[in-house]
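Participant: this one's structure only:
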Ligand code: ASP
Ligand code: MG
């Protein structure tokens, strides 16, 4: 008998019919003799609806009150699911985040979980009940309702699994696992049976929407066994995120491709090439709480230098404004940028031991006339910044180039 945490996303609980199906799936897991703790999202579209309502009243909704509104979506689904379980003879009890309690910091709308009290859940499990917990929410250290950022119920589930030392955390979603890339863009994309934690972490941070990045970080920190599965189809093993690298495994050089449109490029041209200039520019951006991702500095020959860097698209105009104000102080010739860009990345553990991966990537993109604006690399990923209009083409080209469409298994 195992303790399993199951998380069902918005699509999986998107209608009464689907909620009833989820109940059946939970009942089946119970019938196999397992203890089950369930985490649910709001019904699909609900959180967007709540965000829109808030924006009709305030252009910049008060974060504390925003969380009060946002947390209601999940409260509906936990109650409905508990009823659906009772209807088919499965004892169940639902709890909001604060009732559990999932304690967070006070960063409303993007709070971080600090601790979870498992006493109540344990007592219910002991009494043979299924425990249903609202995802995406908690209670702040000031006693206010908090939420964990969009997509946050993945993180709730993994955090609960860690707190309960669950045997497995199963994330049920509308796809049947982690794919080599988004199948809506590349129909030949394949589901992977396993992916290593490091690769999953890169893919999630580079734009893959399958799992919220914080949930992957949590799984790594607490070594939670994490599996992604479909709630819409029967059977299927989904994708297991593994921590062990099998020595004998023939590592795929590239395992997956991620893309991200939430990008904008900023150029600062002709600043004096002297110590401290990078700090003056990027420090000011960081002080404004803007996340800088890729950075390039080119030394010119007239004692000046150029900087390019990327920021999230929503921070494009604020960054331009901020640097516009600093232009004279830093002695720049020109501040410009482009927010019609995107980042496409290839990820694979096998890159560590293979040379020529980057040149292969660049050659494939060149063959389709796709211009690369910026490049950044780590041990297991290469990212390029390109014109947004080539995002899907680049993803398809690279998927083919690295033969991700072929069932060449990793094992
Ligand atoms: N309902 C929240 C959202 O849409 C949390 C989640 O679904 O993970 O972002
Ligand atoms: Mg999600």
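Facilitator: Yep, that arrived. No experiment lies behind these values; they were computed from the predicted model shown. Ligands and ions are numbered 1, 2, ... in the order given.

Participant: spit out the contact partners of the residue minimising distance to the centre of the chain.
Facilitator: Among the residues of the chain, the one closest to the centroid is residue 212, at 2.7 Å (Cα atoms, centre = their mean). With contact set as Cβ atoms under 8 Å, 6 or more residues apart in numbering, residue 212 has these partners: 149, 150, 151, 152, 154, 155, 204. All C-beta atoms are positioned from the backbone trio N, CA, C, and that covers glycine.

Participant: tell me the pLDDT of the second one.
Facilitator: Residue 150 is assigned a pLDDT of 93 by the prediction.

Participant: so which strand or helix has the closest residue to it other than its chain neighbours?
Facilitator: Excluding its sequence neighbours, the residue lying closest to residue 150 (Cβ to Cβ, 6 or more residues apart in numbering) is residue 47, at 7.1 Å. Under the criterion of DSSP states H and E, residue 47 resides in helix 46-57.

Participant: do that helix and ligand 1 come into contact?
Facilitator: Yes: for helix 46-57, a contact with ligand 1 is found by Cβ under 6 Å from any ligand atom, at residue 47.

Participant: cool, and stretch 188-206?
Facilitator: No: Stretch 188-206 does not reach ligand 1 (Cβ under 6 Å from any ligand atom); its nearest approach is 13.4 Å.

Participant: equivalent analysis for stretch 150-170, please.
Facilitator: Yes: counting by Cβ under 6 Å from any ligand atom, ligand 1 is contacted by stretch 150-170 at 150, 151, 152, 153, 154.

Participant: apart from its chain neighbours, what residue comes closest to whichever residue of the chain sits closest to ligand 2?
Facilitator: The minimum distance from the chain to ligand 2, using Cβ to the ion, falls at residue 151 (4.3 Å). Distance criterion Cβ to Cβ, 6+ apart; nearest residue to residue 151, sequence neighbours excluded, is residue 212 at 3.9 Å.

Participant: that neighbour and residue 148, how far apart?
Facilitator: 8 Å (Cβ to Cβ, to the nearest Å).

Participant: need the overlap of contacts for the two.
Facilitator: residue 155.

Participant: how about the residues of the stretch 1-150 of the chain by ligand 2?
Facilitator: When proximity is defined as Cβ under 5 Å from the ion, the stretch 1-150 of the chain approaches ligand 2 at residue 9.

Participant: could you redo the last one with a cut-off of 8 Å?
Facilitator: 9, 10, 41 (Cβ under 8 Å from the ion).

Participant: report the beta-bridge partners for residue 230.
Facilitator: residue 173 (DSSP bridges).

Participant: what is the neighbour count of it?
Facilitator: Neighbourhood size, residue 230 [other Cβ atoms under 10 Å]: 18.

Participant: need the contact list for it.
Facilitator: Residue 230 touches 172, 173, 174, 175, 176, 177, 236, 238, counting by Cβ under 8 Å, 6+ apart.

Participant: recalculate using a threshold of 7 Å.
Facilitator: Residues near residue 230 by Cβ atoms under 7 Å, 6 or more residues apart in numbering: 172, 173, 174, 175, 176, 236.

Participant: the last one and residue 193: what is the separation?
Facilitator: With the distance defined as Cβ to Cβ, residue 236 ends up 10 Å from residue 193.

Participant: within the helices and strands, which one has residue 268?
Facilitator: Going by DSSP H and E, residue 268 is in strand 256-272.

Participant: and that strand, how far from the chain's centre?
Facilitator: 20 Å (Cα atoms, centre = their mean, to the nearest Å).

Participant: so what strands line up beside that strand?
Facilitator: Strand pairing (DSSP bridges) places strand 256-272 next to strand 304-311 (antiparallel), strand 334-347 (antiparallel).

Participant: please see if it touches ligand 2.
Facilitator: No: using Cβ under 8 Å from the ion, strand 256-272 never reaches ligand 2; the gap is at least 15.4 Å.

Participant: tell me the pLDDT at the closest residue to residue 401 other than its chain neighbours?
Facilitator: Excluding the flanking residues, the one nearest residue 401 by Cβ to Cβ, 6+ apart is residue 364, at 4.0 Å. With respect to pLDDT, residue 364 scores 97.

Participant: return the residues in contact with residue 364.
Facilitator: 397, 398, 401 are the contacts of residue 364 under Cβ under 7 Å, 6+ apart.

Participant: mind checking which of those are in helices?
Facilitator: 397, 398, 401 (DSSP state H).

Participant: tell me the buried residues within the residues of stretch 150-170 next to ligand 1.
Facilitator: Among the residues of stretch 150-170 next to ligand 1, those classed as buried by 16 or more other Cβ atoms under 10 Å are 151, 152, 153, 154.

Participant: nearest to ligand 1, of those?
Facilitator: Distance to ligand 1 across those (Cβ to the nearest ligand atom) is lowest for residue 153, with 3.4 Å.

Participant: so what's that closest one closest to, chain neighbours aside?
Facilitator: residue 135 (2.5 Å).

Participant: pretty sure that neighbour is touching residue 39, no?
Facilitator: Yes: the pair residue 135 / residue 39 is scored as a contact, 4.5 Å apart, by Cβ atoms under 7 Å.

Participant: shared neighbours of those two, which are they?
Facilitator: 7, 153, 156, 157.

Participant: how long is stretch 83-99 from one end to the other?
Facilitator: 18 Å (Cα to Cα, to the nearest Å).

Participant: do the same with stretch 62-77
Facilitator: 25 Å.

Participant: in a markdown table, list the buried ones among the residues of stretch 150-170 next to ligand 1 along with secondary structure and distance to residue 377.
Facilitator: Below are these laid out as a markdown table (DSSP: H, G, I helix; E, B strand; the rest coil; distance: Cβ to Cβ, whole Å):
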| residue | secondary structure | distance to residue 377 |
| --- | --- | --- |
| 151 | coil | 27 |
| 152 | coil | 30 |
| 153 | helix | 32 |
| 154 | helix | 27 |
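
Participant: which of those residues sits closest to residue 267?
Facilitator: residue 151 (31.3 Å; Cβ to Cβ).

Participant: what bridges to residue 263?
Facilitator: residue 341.

Participant: which of the three states applies to the residue of the chain positioned farthest from its centre?
Facilitator: The centre of the chain is farthest from one residue, residue 302, which by Cα atoms, centre = their mean lies 43.2 Å away. Classification of residue 302 by DSSP: H, G, I helix; E, B strand; the rest coil places it in coil.
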